[in-house]
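Q: structure, please.
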Amino acid sequence: MSEATEPLDFEAALAELEALVQRMETGSLTLEESLQAFERGVRLTRQCQAALEQAELRVKALMEDGTETPLPEAAPGDDGG
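A: Numbering: from 1, shown residues only. Next up is the predicted model:
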């Protein structure tokens, strides 16, 4: 499990996080390997969360300056069909 020196893009970080979860769920890792995987997973989760927050800010900025029209929110239970 190599740790990149540069932050991964969202999709790569999410893919690595999913792979880590799969490895941990097998139960074949040692305690130390599990701890290292967990620590890496926490870092990846934080990185993904930060990327999502930045994307949300960008969307809000576009909505506020009037260049985009917001989509109506679907009612609970509305499957769009």
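Q: and the helices in the protein, which stretches?
A: Ranges of helices within the chain are 10-26, 31-64, based on DSSP state H.
Q: out of these, which is closest to residue 74?
A: Closest to residue 74 of the helices of the chain is helix 31-64 (CB to CB; 17.0 Å). Placement of C-beta: from N, CA and C, glycine included.
Q: against which helices or strands is that closest one packed?
A: With contacts taken as 3 or more CB pairs under 8 Å, 6 or more residues apart in numbering; DSSP states H and E, helix 31-64 sits against helix 10-26.
Q: can I get the helices of the chain in JSON lines with distance to residue 72 and mean pLDDT?
A: Formatted as JSON lines, the helices of the chain follow (distance: least, CB to CB, whole Å; pLDDT from 0 to 100):
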{"stretch": "helix 10-26", "distance to residue 72": "26", "mean pLDDT": "96"}
{"stretch": "helix 31-64", "distance to residue 72": "13", "mean pLDDT": "94"}
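Q: redo these as JSON lines? Include mean neighbour count.
A: Output for the helices of the chain, formatted as JSON lines (neighbours: other CB atoms under 10 Å):
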{"stretch": "helix 10-26", "mean neighbour count": "14"}
{"stretch": "helix 31-64", "mean neighbour count": "13"}
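Q: I'd like those helices as a markdown table, with distance to residue 74 appended.
A: A markdown table is the format used below for those (distance: least, CB to CB, whole Å):
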| stretch | distance to residue 74 |
| --- | --- |
| helix 10-26 | 24 |
| helix 31-64 | 17 |
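Q: most centrally placed residue in the protein?
A: residue 48 (3.5 Å; CA atoms, centre = their mean).
Q: how about the contacts made by that residue?
A: 10, 13-14, 17 (CB atoms under 8 Å, 6 or more residues apart in numbering).
Q: ok, back up a step: which one of the helices of the chain lies nearest to residue 73?
A: Using CB to CB, the helices of the chain put helix 31-64 closest to residue 73, at 13.0 Å.
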